[in-house]
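S.K.: Here is a sequence with its predicted model. Questions after.
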Amino acid sequence: MTNSELKSFLDEKVELYNNPKFIESDPIQIPHAFSLKEDIEIAGFLSATIAWGNRKMIINNAKKMMDFMGNSPYDFVLNHQDYQLEKLENFVHRTFNGGDMITFVKGLQNIYTNHNGLEAVFSKNIEKDSMQKSISEFKKVFFEINHQNRTQKHISDPLNNSAAKRINMFLRWMVRNDKKGVDFGIWKTIPTSALSCPLDVHSGNVARKLELLSRKQNDAKALSELDSSLRKLDANDPVKYDFALFGLGVFEKF
């Protein structure tokens with residue numbers, strides 16, 4: 001395919017998958033249950049954090065997270081009592097356990113109480129066409145509180161060569177605003193041009209077949225290569241092609 005043919009093909013797939021029907025089978029449905037900005041952010045962040053493995057299990061466990069917080073995540077994060085945290089100890093999603101969830105609630109409380117919220121923290125350290133330093137610095141702020149070392153693995157650091165798939169997906173949810181009803185676009189301080197594709201097995205395999213990516217591992221170097229390819233197709237909104245790559249991989253077995 002020529003570049004223009006590839007762009008047309010992928011733009012078509014973006015149109016196909018970037019619509020409200022996509023929500024039904026995706027973890028993004030969890031934050032879509034809320035209308036308050038902070039509820040959307042927290043529900044999105046926690047859902048994205050456990051977004052690996054079977055999608056049905058991800059969605060069910062993300063709903064359990066919200067139930068544990070009385071389906072008012074922002075109010076719970078800010079105002080919970082210690083005894084309310086005890087029931088979180090029963091939560092488990094693969095290697096993310098109740099202790100991790102309690103740490104995440106406390107980390108979020110610190111972010112909203114002392115750092116003006118998630119958007120304010122992620123809005124710092126943005127570089128041209130890159131959120132990688134911003135994500136790395138966010139992780140440092142998030143773990144200012146007392147925590148077990150094991151919990152740190154649940155937030156990736158792109159400066160340690162991670163593709164940081166789940167945080168990049170969360171940022172896509174919060175920042176993109178294309179009026180299609182899937183991504184929220186509630187964060188106005190981060191340009192879509194700085195976003196990166198959530199690189200996973202599906203999007204990586206499709207990207208290689210389409211010659212958008214040559215590196216074999218799905219790591220930070222591969223993400224940089226993929227981002228560079230996607231920015232040639234749309235410099236202002238490269239991450240929209242996540243819908244195309246993901247849809248081709250998951251739904252079309254491309």
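M.R.: Okay, I see it. Numbering: from 1, shown residues only.
S.K.: mind listing the strands for the chain?
M.R.: With DSSP state E applied, the chain shows strands at 92-93, 96-97, listed in chain order.
S.K.: Serialize the ones you listed to CSV and add fields for mean pLDDT.
M.R.: Converted to CSV, those look like this (pLDDT from 0 to 100):
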stretch, mean pLDDT
strand 92-93, 95
strand 96-97, 96
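S.K.: Please tabulate those in TSV, including the columns distance to Met57 and mean neighbour count.
M.R.: C-betas here are computed from N, CA, C, even on glycine. Output for the strands of the chain, formatted as TSV (distance: least, CB to CB, whole Å; neighbours: other CB atoms under 10 Å):
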stretch	distance to Met57	mean neighbour count
strand 92-93	7	18
strand 96-97	12	18
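S.K.: would you list those in a markdown table and tack on distance to Gln132?
M.R.: Output for the strands of the chain, formatted as a markdown table (distance: least, CB to CB, whole Å):
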| stretch | distance to Gln132 |
| --- | --- |
| strand 92-93 | 26 |
| strand 96-97 | 23 |
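S.K.: These: which one's closest to Ser214?
M.R.: Nearest to Ser214 among the strands of the chain is strand 96-97; the distance by CB to CB comes to 32.4 Å.
S.K.: For Val182, find the nearest of the strands of the chain.
M.R.: Nearest to Val182, of the strands of the chain and by CB to CB, is strand 92-93 at 23.1 Å.
S.K.: So, low pLDDT: which residues of the protein?
M.R.: Of all residues in the chain, none has pLDDT under 70.
S.K.: residues contacting the nearest residue to Met57 once chain neighbours are set aside?
M.R.: Using CB to CB, 6 or more residues apart in numbering and skipping the chain neighbours, the partner closest in space to Met57 is His93 (7.4 Å). Neighbouring residues of His93 by CB atoms under 8 Å, 6 or more residues apart in numbering: Ile50, Gly53, Met57, Ile58, Asn61.
S.K.: so how far is Leu171 from the first one?
M.R.: When distances are taken as CB to CB, to the nearest Å, Ile50 and Leu171 turn out to be 16 Å apart.
S.K.: Same question for the fourth one.
M.R.: For Ile58, the distance to Leu171 under the criterion CB to CB works out to 18 Å.
S.K.: Counting neighbours around each, name which of those two comes out higher.
M.R.: A direct count of neighbours by other CB atoms under 10 Å for Ile58 and Leu171 places Leu171 higher, at 29 against 20.
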